[in-house]
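Student: Below: sequence and its predicted model.
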Amino acid sequence: MNYAIITENDESKWDDETGVLYHFPARYKNILTEGTSVIYYKGQMKDKKYLNKRLSAKPHYFGIAKIGEVYPDSKNKNEYFAKIEEYIPFVQPLDFKDKNNEYIEIVTKSNYWRDGVRKITVDTYKKIIKLANFEIDYKNENNLEAVLSDESLPNLDDVSPVPSNSLFTGKTNKHSKENNGSNNNRKQTKGDGFSRNAKKIGDRAEQVVLKFLKNHNYKNIRWVANEGEKPGYDISCVDHTGLEIYIEVKGTSTSKFNDFIITNNELSTAEKLGDSFYIYFVTNCLSKTPKVQSFQNPYKKIASSKWELTPLSYKVFTS
């Protein structure tokens, strides 16, 4: 297993999307291989206009992820893209120096900090994720997993969901031809997530929607998914018109949805409930200011081909 730091600058020629895509020169290709566990890093802020987009003006670490598929940039043979999987932002910035004013990374040369991608040891990786209040799954020493804890999530009392109308448009991004994989860390049905963190991420997205509904004075709010039921939706409530509605939540730790997964159970429930069924999308669901967007009657959009279904798997029988 490889471990590395990946740098994301406020201003850059590289076409990065935090938690989604990382753009880098060919010289780092041997470090950023599929499966590499990475720590996100930002250097010193140079322009105050970026302060609200950072956790700190100082150099700091701000998230973890894994490298997914790596492929060449079709516009430049000396550059590559890496899909980012299992992105989780830190609640607080982690300074690049410890309490003794010593670098957390082992600085090996005078211009060390100029390298946008830096290979680190497993001990450095452990140190960073522990300082960020993550737990460590030691079941596989060759593939350590950082596990979310209550301390690595913002207190729900401090979370303020913000409504949005641009989280999911059904359109692919500008790298869609190259980057056609599924959005990482979205909420799946319970038990089939991509990692040990998937359920915690899904639960937090649902908690965000519950708070959003309470803030907007919805009544009789019931968190059905938390009761162990699987009726094809996560939450039921009564809207401002007095009608009962049913909500399926899709959450991601990143800033947007290019696509989402809907199960057969959810799809058939959406068809049956029609206008009473909603999908609520939640982006940045692990942050203090997640964004929320709702869509009524998603089955209608699918049936009218405004949203396109793509099969992801098949059940195979022997004859």
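Tutor: Arrived safely.

Student: Could you tell me which strands sit next to the longest strand seen in the chain in the sheet, and their orientation?
Tutor: Longest among the strand segments of the chain by residue count, using DSSP state E, is strand 76-95. Strands that pair with strand 76-95, judged by DSSP bridges, come out as strand 21-25 (antiparallel), strand 60-73 (antiparallel).

Student: possible to save these as a markdown table with mean neighbour count, distance to residue 45 and mean pLDDT?
Tutor: Yep, even glycine has a C-beta here, placed from its N, CA and C like the rest. Formatted as a markdown table, the entries for these read as follows, by neighbours: other Cβ atoms under 10 Å; distance: least, Cβ to Cβ, whole Å; pLDDT from 0 to 100:
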| stretch | mean neighbour count | distance to residue 45 | mean pLDDT |
| --- | --- | --- | --- |
| strand 21-25 | 20 | 20 | 97 |
| strand 60-73 | 20 | 10 | 97 |
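
Student: circling back to that earlier point, centre of the chain to the longest strand of the chain, how far?
Tutor: 11 Å (Cα atoms, centre = their mean, to the nearest Å).

Student: Go through that strand and flag the buried ones.
Tutor: 79-91, 93-94 (16 or more other Cβ atoms under 10 Å).

Student: After it, which helix or strand is next?
Tutor: For strand 76-95, the succeeding helix or strand toward the C-terminus, using DSSP states H and E, is strand 117-119.

Student: which residues are in contact with that following strand?
Tutor: Contacts of strand 117-119 with the rest of the structure, by Cβ atoms under 8 Å, 6 or more residues apart in numbering, involve 2, 3, 4, 5, 6, 7, 24, 28, 31, 32, 105, 112.

Student: which among those residues end up buried?
Tutor: By the neighbour-count criterion of 16+ other Cβ under 10 Å, the contacts of strand 117-119 include these buried positions: 2, 3, 4, 5, 6, 7, 24, 28, 31, 32, 105.

Student: domains for this structure, by residue range?
Tutor: Domain assignment for the chain, taken from automatic domain parsing, gives 3-151, 162-303.

Student: CSV please, covering the strands paired with strand 76-95 and showing distance to residue 224.
Tutor: As requested, those are exported to CSV (distance: least, Cβ to Cβ, whole Å):
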stretch, distance to residue 224
strand 21-25, 35
strand 60-73, 31
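
Student: for whichever strand or helix holds residue 208, packing partners?
Tutor: The secondary structure element spanning residue 208 is helix 198-215 (assigned by DSSP H and E). Judged by 3 or more Cβ pairs under 8 Å, 6 or more residues apart in numbering; DSSP states H and E, the packing partners of helix 198-215 are strand 219-223, strand 235-238, strand 244-251, strand 277-283, strand 291-296.

Student: how far does it sit from the chain's center?
Tutor: Counting by Cα atoms, centre = their mean, helix 198-215 comes out at 14 Å from the chain centroid.

Student: What separation is there between the residue nearest the centre of the chain and residue 122?
Tutor: Residue closest to the average C-alpha location in the chain (Cα atoms, centre = their mean): residue 253, at 2.7 Å. Using Cβ to Cβ, to the nearest Å, one obtains 24 Å as the distance from residue 253 to residue 122.

Student: ok, now residue 289?
Tutor: 33 Å.

Student: With residue 135 instead?
Tutor: Taken as Cβ to Cβ, the spacing of residue 135 relative to residue 122 amounts to 16 Å.
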